[in-house]
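Participant: Mind looking at a prediction? Sequence and model below.
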Amino acid sequence: MALPRGLAGTIGTAARAARVRANLTQEDVAERVGLATEVYGRLERGGMLPSVPTLKKLCEVLRIPSDVLLGLTPAQENFWTKEPPARPVEEPGEIRRLVRTVKRLEPAEFRLLSLMATGLLRLRLMRHGRSSDEPAPP
């Protein structure tokens, strides 16, 4: 497979490297930037250029300077050779995917899911002989 060329390829390659370095999926980044996952995938493959507002959001979400994303930083000053900035602790991927799914539920479906989760927690607490006001085991 040939590597993408030009500015779109430069942005796509840098975005992918930053995403992988941040341990995010394409779906994670797409959601945070406000793009469809398919569109973000095309951007990473160098198949399109982002709009300026999208480019700004990409820099924020991926924590990458715009000059690196645009390929303007010389290699010896490259962002990748520096330590990554401290990142807040993020939820595991499974939880992020669950939250995305829950956001798509209708209100009645959400209430049902909430009742089911509460019931499961109560069942686990009963199995361990705890009351519902005690902290749950991990």
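Facilitator: Structure received. Every value quoted in this text rests on a predicted model; they were computed, and no experiment measured them.
Participant: Find the residue closest to L105 in space, skipping its chain neighbours.
Facilitator: L113 (6.6 Å; CB to CB, 6 or more residues apart in numbering). The C-beta positions use only the backbone N, C-alpha and C, and glycine is treated the same way.
Participant: Three-state assignment for the most centrally placed residue in the chain, please.
Facilitator: Computing the C-alpha centroid of the chain and ranking residues by CA atoms, centre = their mean puts D28 first, at 2.6 Å. Recorded secondary structure, D28: helix (DSSP: H, G, I helix; E, B strand; the rest coil).
Participant: Identify the residues contacting T118.
Facilitator: Going by CB atoms under 8 Å, 6 or more residues apart in numbering, T118 touches no other residue.
Participant: Under the pLDDT cut-off, which ranges of the chain? List them.
Facilitator: Scanning the chain for pLDDT under 70 picks out 1-4, 74-91, 130-138.
Participant: Of all the residues in the longest helix that the chain contains, which ones are buried?
Facilitator: Among the segments of the chain that qualify as a helix by DSSP state H, the longest is helix 107-127. Within helix 107-127, the residues that qualify as buried are L125, counting by 16 or more other CB atoms under 10 Å.
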